[in-house]
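*Asks:* Got a predicted model here, sequence first, then my questions.
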Amino acid sequence: QVQLVESGGGLVQAGGSLRLSCAASGRTLTHYHLGWFRQAPGKEREFVAAISWNYGITYYADSVKGRFTISRDSAKLVAYLQMNSLKPEDTAVYYCGVGIRFSRNVADFDSWGQGTQVTVSS
């Protein structure tokens with residue numbers, strides 16, 4: 001079982017940047033996809049971005065494409081989410097999870113971390 005810990009959230013003004021980290025332990029992520037999701041108050045958890053651990057292939061939600069970049073450091077077992085040009089609507093708790101297939105569906109991911117709060121002020 002893999003354990004995930006998110007960090008890097010905070011309060012930022014619109015237009016600013018943050019970099020989130022997702023540190024994994026417990027097992028290798030070979031053959032897995034690591035995904036970032038977010039959940040705003042009163043809303044369902046939604047897909048943000050994901051990366052295939054082996055090949056580094058990335059995919060994004062349309063709402064963040066061109067602003068967010070997902071990456072990973074395989075040696076450190078850490079994934080990152082670089083968030084630029086942040087908007088108030090990006091405000092949410094951000095979670096990372098792992099899955100075994102290419103998917104934007106939250107049900108295809110598990111081993112969620114505790115989340116990290118991102119708040120973007122206008």
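*Replies:* Thanks, I have it. Numbering: from 1, shown residues only.
*Asks:* mind listing what the residue nearest to T116 when sequence neighbours are not counted touches?
*Replies:* Spatial nearest neighbour of T116, chain neighbours left out: G9 (3.4 Å); criterion: CB to CB, 6 or more residues apart in numbering. From N, CA and C alone the C-beta is placed, and that goes for glycine too. G9 makes contact with L18, L20, V93, Y94, T116, Q117, V118, T119 under the criterion CB atoms under 8 Å, 6 or more residues apart in numbering.
*Asks:* go again using 7 Å as the cut-off
*Replies:* G9 is in contact with L18, L20, Y94, T116, Q117, V118, counting by CB atoms under 7 Å, 6 or more residues apart in numbering.
*Asks:* same thing with S121?
*Replies:* S121 neighbours (CB under 7 Å, 6+ apart): L11, Q13, A14, P88.
*Asks:* Who does the helix or strand hosting A23 pair with, and is each partner parallel or antiparallel?
*Replies:* A23 belongs to strand 18-25 when assigned by DSSP states H and E. Applying DSSP bridges, strand 18-25 is found paired with strand 3-7 (antiparallel), strand 78-83 (antiparallel).
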